[in-house]
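**Q** quick one, what's the 3D model for this:
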Amino acid sequence: MDFKQKLKGAAFAALILGCTLAAPAAMAQQTAPQTQQAQPQNFSDADLKQFADASTRLMSVQQEGEKAMMGILEEEKLSIEKFNQMAQAHQQQKLNEVDATPEEMAAFNSAAQRMMEMQPTLQQDLEAAIQQDGMTLEKFEQIMMAYRQDPALQQRIDVLMQQK
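**A** Now for the predicted structure:
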């Protein structure tokens, strides 16, 4: 499984929270303004190894967050599909147009509130996962932006990720 596929694993969590779990670099944007284009940079092998290690830890944090959120949905007796449908409608300010029972609406509101309460802790865990080996959020963001735009860098990082 390559890095891009692994990052897609948290799409459910991102939709639920309307936050940045699916794109770790977006999380770093909160502390460092994003430029329109990544500057061409030569990252050292050590930088890329730190990035790969941090990315692996991020995926673990994301998976734990997803498990917790799915547990909430089970407790609220709401399917992932229905929750995602309602969350998307909520983001578009069209929640009142969703075909949902009053029970589903109450379950959605309760689940969404509980998940939002998890967000600060998840955010801290994500930042800690990036910074554990000394990488800064800014450096992580720079490499992530370059990864998205540079096929050669993607290949170098994918190789490092496969060695995990």
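**Q** only C-alpha atoms from now on, for both contacts and neighbour counts.
**A** Fine.
**Q** name the SS class of residue 100, please.
**A** coil (DSSP: H, G, I helix; E, B strand; the rest coil).
**Q** and it, how many neighbours?
**A** Neighbourhood size, residue 100 [other CA atoms under 10 Å]: 14.
**Q** for it, give me its contacts.
**A** By CA atoms under 8 Å, 6 or more residues apart in numbering, the contact set of residue 100 is empty.
**Q** equivalent analysis for residue 157, please.
**A** Taking CA under 8 Å, 6+ apart, one finds 3, 48, 49, 52, 147 in contact with residue 157.
**Q** got a markdown table for those, with neighbour count, distance to residue 86 and pLDDT too?
**A** Supplementary listing: those in a markdown table, determined by neighbours: other CA atoms under 10 Å; distance: CA to CA, whole Å; pLDDT from 0 to 100:
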| residue | neighbour count | distance to residue 86 | pLDDT |
| --- | --- | --- | --- |
| 3 | 19 | 29 | 42 |
| 48 | 18 | 39 | 93 |
| 49 | 15 | 39 | 92 |
| 52 | 23 | 34 | 92 |
| 147 | 19 | 33 | 91 |
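**Q** among those residues, name the ones in helices.
**A** Taking DSSP state H as the definition of helices, these contribute 3, 48, 49, 52, 147.
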